[in-house]
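A.B. asks: Give me a model of this one.
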Amino acid sequence: MGNAKSSAISKEILEDLKLNTKFTENELCQWYENFQKQCPTGRISPEEFETIYARFFPDSEAKTYAQHVFRSFDTNEDGTLDFKEYIIALHMTSSGKTTRKLEWAFSLFDVDKNGYITKTEVEVICQAIFNLIPKEDLPKLPADENTPEKRANKLWGYFEKSDNDRLAEGEFIKGVTENENAMRLIHYEPIAD
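C.D. replies: Below is the predicted model of the structure:
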């Protein structure tokens, strides 16, 4: 792997990202320029990622969620995100209901990275999602999902598993794809007024 510290984005990475995300070449070059400015080392630390992520959620406590997002995108587990991991993170957290997005959601919920999701892990992520919800929106939540525990119970219920079962990726994707509500519960969407 060439360690190019040039200001231009490499052709390979550009092609790869154009193929795998909804961003255009212009957008990607723009992102890259900003990335170079913000992260001269070419790497984003968990702290930097939390700061960037917090800008998307100015009214809420995004730190825990950002930490989980960071973990799920640090695919080589080196404790940093490179430009490619970073763009894929932005793309996945902001675009359509594709299988890839669900694969990402699975890795978000798989807190210990063992290839399965447990109900406890669902509770951990539901708590993090809850922190993203602005305080004034909490009263608008349905009665059966107005606490992290209720949200986790409701979500887990769609998978028809007992509380100490575990869920494989295929089962997770199937359960979420077949239930509009589960799809909504696995991530945070601002409440439309």
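
A.B. asks: Quick check: residue 46 touching residue 70?
C.D. replies: Yes: counting by C-beta atoms under 8 Å, residue 46 touches residue 70, with 5.1 Å between them. (C-beta placed from N, C-alpha, C; glycine too.)

A.B. asks: quick one, which of those two is more surrounded?
C.D. replies: residue 70 (23 against 16; other C-beta atoms under 10 Å).

A.B. asks: you'd agree that one is up against residue 47?
C.D. replies: No: proximity of residue 70 to residue 47 does not meet the contact threshold set by C-beta under 8 Å, at 9.6 Å.

A.B. asks: List the contacts of residue 52.
C.D. replies: Taking C-beta atoms under 8 Å, 6 or more residues apart in numbering as the contact definition, residue 52 lies against 38, 44.

A.B. asks: Please enumerate the strands of this protein.
C.D. replies: 116-118, 166-168 (DSSP state E).

A.B. asks: Go through those and pick out the most buried.
C.D. replies: With neighbours defined as mean count of other C-beta atoms under 10 Å, the strands of the chain peak in mean count at strand 116-118, which reaches a mean of 21.

A.B. asks: who touches that one?
C.D. replies: Contacts of strand 116-118 (C-beta under 8 Å, 6+ apart): 106, 109, 110, 164, 165, 166, 167, 168, 172.

A.B. asks: any chance of the strands of the chain in CSV, plus mean pLDDT and distance to residue 21?
C.D. replies: Putting those into CSV (pLDDT from 0 to 100; distance: least, C-beta to C-beta, whole Å) gives the following:
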stretch, mean pLDDT, distance to residue 21
strand 116-118, 98, 25
strand 166-168, 97, 27
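
A.B. asks: can you tell which of those is closest to residue 147?
C.D. replies: Closest to residue 147 of these, according to C-beta to C-beta: strand 116-118, at 19.2 Å.

A.B. asks: returning to that earlier point: of the contacts of strand 116-118, closest to residue 66?
C.D. replies: The nearest member of these to residue 66, counting by C-beta to C-beta, is residue 109 at 15.4 Å.

A.B. asks: For that closest one, the count of nearby residues, please.
C.D. replies: Residues contacting residue 109 under the criterion other C-beta under 10 Å number 22.

A.B. asks: so it sits right up against residue 175, yeah?
C.D. replies: No: using C-beta under 8 Å as the test, residue 109 is too far from residue 175 to be in contact (11.6 Å).

A.B. asks: got a pLDDT number for the closest residue in space to residue 171 that isn't next to it in sequence?
C.D. replies: Of all residues not flanking residue 171 in the chain, residue 159 sits nearest, at 6.4 Å (C-beta to C-beta, 6 or more residues apart in numbering). Predicted confidence (pLDDT) at residue 159: the value is 96.
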